[in-house]
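Trainee: Here is my input; please provide its structure:
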Amino acid sequence: MRLLAGGLVAVGALALALVLRPLPSPLVVVPAMLTAAAMWLVWWPRARPRLAAITAAAGVTGAACTLAWLADPGTAGGPSTYVHTVAVLTLITLTVRWAAVRQAVPAVGVAAISEALLALQITQPPPSGLDAVALTLFWSIGTAGAVGLGAYLRTLDRRRVEAVRQARRTQRLQLARDLHDFVAHDVSAMVLQAQAAQILLDRDPSEAAAALRAIEEDGSRALASMDRSVRMLRELEGDSASAEPLPGLDGLPDLVRRFADAGFPDTEMRVEPSGPVPREVATTIYRIVVEALTNVRKHAPAGSSVAIQVSDETGPVVVTVADHARDRALPRLPPAERAGVGLAGLAERVQALGGEFTSGRAAGGGWVVKAVFP
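Mentor: A predicted model of the protein is given here:
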C-alpha cells in the first residue's frame, strides 16, 4: 500500500506539473511515466529477480524515445524529464545493489546512456556539437553518484551477510565444544563403569548389574546431549528454536552425584554464591566442572579425592576444581592418543566473559582448575 500511495503521489505531481505547462511530446511524457512506474515496481520483492531486465528495458525505451524526439523536437521536457532522470537513477542504484554483476553491468550501461541523453530535453532548442557533449557529460554525474551509492549499499549488504555467516560459524564451533565436553564426560563414565563391571561380574553380579545400569543412564544422557546439539544446529539454519535451557549451577549436584557413583566417592562440592549468577557465567561454570571431572576420570587414579567450590566471598565469582590421588592407585582410563582441546576452549570462553582461567599441577600433587569471573 505504501508503494501504491507513493506511486500515485508521483504520478499526480507529474500530471499537475504538465497541466501547468505546455504539454511536451508523448515521446517525452510516456517513457518518463513508464520508468517512474518501473521504479516503484522493483521495490516489490517478487520483481527483484527481474530487476536488471526492467532497468535495461527502461533504458532502451528511454534512449529510443529521446532519439526519436530529437529528430523533431517540440516543447522541452520540463518536469517530465526530471522525473524520468530521478527514476532512471533510482533503477541504476537498485540494480547495482541487488542484481548479479554480469546482469547489472549491461543493464546499468544502457540506463546510463538513456540518462545522459535526457540532458538534451531540458533546453529548447536542443544543443548540438560540443555543447551537447558537455551537457550529457554533466548530466552523467548523477549516474556516477547512483552507481557509487548502489555499490556502497551492496557492500553493506555483503558485510551484513558475512557477519551473520560468521556468527553462525562461531555458534557451530561453540556447539561442537559443548558436545565434546558433555559427551566426553558421559562416555568416560561409561568406560570406567564398564571396567568396574568386568571386575565385579564374577565376584558380585548385583554390583555389576548396577554398573551396567549406570552405563545405560550415561549412554542415554550422551545421546540426549547429541540430540540437543543437533537441534541447535538446525536452529542455526532457520528451523524452529528450542526452549530447552543449557545446564547451569542447578545442574551441578546431579553431575557430581553421577561422578561420585562412577568411582570417586570422595567428592565434595560447595556452591555458595551470595547472589544470582549471570546465565552465561553459570553455563560456563557448569562446562568447567564437566571438563575438569572428565579429565579427572581420564588421568587421575580411580578413587581420587575431588573438591569443587563455587563462591564469591572476595567479590568475583570463583570456581575451583582440585583432585588429589589417594595412597593406593586403582586402574584408570587408557591414555588418550592426543591432547584434548577442552581446557583451551574453556580458557577462551572465560576470557571472552572478562575472566581469568588457570589450570596446572597443585603444590601437593594432583591437578587444579580455577576460573575467576568479574
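Trainee: export stretch 196-214 as CSV, just CAs?
Mentor: Taking Å, rounded to 0.1, in the frame of the first residue of the first chain, the C-alpha atoms of stretch 196-214 are listed here in CSV:
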residue,chain,number,x,y,z
ALA,A,196,34.3,-52.0,37.1
ALA,A,197,31.6,-54.3,35.7
GLN,A,198,34.2,-56.6,34.3
ILE,A,199,35.9,-56.9,37.7
LEU,A,200,32.6,-57.4,39.5
LEU,A,201,30.9,-59.7,37.1
ASP,A,202,32.0,-62.9,38.8
ARG,A,203,32.6,-61.5,42.3
ASP,A,204,29.3,-59.5,42.8
PRO,A,205,26.8,-59.8,39.9
SER,A,206,24.4,-57.4,41.6
GLU,A,207,27.0,-54.7,41.7
ALA,A,208,27.9,-55.5,38.1
ALA,A,209,24.3,-55.1,37.1
ALA,A,210,24.2,-51.7,38.9
ALA,A,211,27.3,-50.7,36.9
LEU,A,212,25.6,-51.7,33.7
ARG,A,213,22.5,-49.6,34.6
ALA,A,214,24.8,-46.7,35.2
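Trainee: quick one: contacts of that stretch?
Mentor: The contact list for stretch 196-214 (Cβ atoms under 8 Å, 6 or more residues apart in numbering) reads Ala189, Gln193, Ala194, Ile215, Arg258, Asp261, Ala262, Gly263. C-beta: built from backbone N, CA, C; applies to glycine.
Trainee: mind listing what's buried in that stretch?
Mentor: Residues Ala196, Ala197, Leu200, Ala208, Ala210, Ala211, Leu212, Ala214 are the ones in stretch 196-214 that count as buried (16 or more other Cβ atoms under 10 Å).
Trainee: does Val369 count as helix, strand or coil?
Mentor: Val369 carries the three-state label strand when classified by DSSP: H, G, I helix; E, B strand; the rest coil.
Trainee: beta partners of it?
Mentor: Beta-bridge pairing of Val369 under DSSP bridges involves Val321, Ser359.
Trainee: What is the neighbour count of it?
Mentor: 23 (other Cβ atoms under 10 Å).
Trainee: you'd agree it is up against Ala347?
Mentor: No: between Val369 and Ala347 there is no contact under Cβ atoms under 8 Å: 10.1 Å.
Trainee: Find the residues that touch each one of these two.
Mentor: By Cβ under 8 Å, 6+ apart, the residues touching both Val369 and Ala347 are Ser359.
Trainee: Tell me the buried residues within the contacts of stretch 196-214.
Mentor: Ala189, Gln193, Ile215, Arg258, Asp261, Ala262, Gly263.
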